[in-house]
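Novice: what shape does this take:
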Amino acid sequence: MVLDLLLYSGSMRVTVMEPFHSVFYTPHYVALHLGHFAAEGLDVATRTGADSTGTTRALIEGTAQISLGGLMRSLDLADRGGRHLPHFAEVNSRNGFFLISRPPRSPFRWPDVAGRALISFTGAPTPYHCLLTVLPPRGCGPEAGQHRARPGPGRRRGRLSRGAW
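Specialist: You can find the predicted model right below:
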């Protein structure tokens, strides 16, 4: 595809698949809406996946040429015996996940997390897996608290608004 881009003299249509709308994809949105892709001869269309596997499926099926997102979806695909997808570029050097609580907790201390229910509010598995890596060295890993699986978005909102967690 890169060679095609170098040899192609007209505007080239490129479909970019995003797993969901996210502030972390702001560089893409800015480049698109300020016309930077068009200035380079790219007619970029952005599509949002219907579910958590939509980005990798679009790449495999050829309905998208580029996918925004982290490594987890393609690593999961490879773990299940699927294709290995190439990765390139970096959007941010640090994952910008937020850990929030119902009552204010200031100053924040990692031991405050122990024994609390932690809920991931995203379609991506990355925040949950990052928690499983970050919390144990601080003495508040899965054995010290209730780390919930990620129910569907509607169930998450409903449970949180009812105070069920």
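Novice: from the chain's centre, how far out does whichever strand or helix holds residue 75 sit?
Specialist: Secondary structure from DSSP states H and E places residue 75 in helix 72-79. Taking CA atoms, centre = their mean, to the nearest Å, one finds helix 72-79 lying 13 Å from the centre of the chain it belongs to.
Novice: stretch 15-30 too?
Specialist: Worked out by CA atoms, centre = their mean, stretch 15-30 lies 10 Å from the chain centre.
Novice: all strands of this protein, in order?
Specialist: Per DSSP state E, the chain carries strands over the ranges 12-18, 42-48, 66-67, 117-118, 146-147.
Novice: which residue ranges make up each domain of the protein?
Specialist: As assigned by automatic domain parsing, the chain contains the domains 2-79, 110-161.
Novice: can you put these in a markdown table and add mean neighbour count and mean pLDDT?
Specialist: Where you see a C-beta, it was placed from the backbone N, CA and C, and this is true even at glycine. Below are these laid out as a markdown table (neighbours: other CB atoms under 10 Å; pLDDT from 0 to 100):
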| stretch | mean neighbour count | mean pLDDT |
| --- | --- | --- |
| domain 2-79 | 15 | 86 |
| domain 110-161 | 14 | 67 |
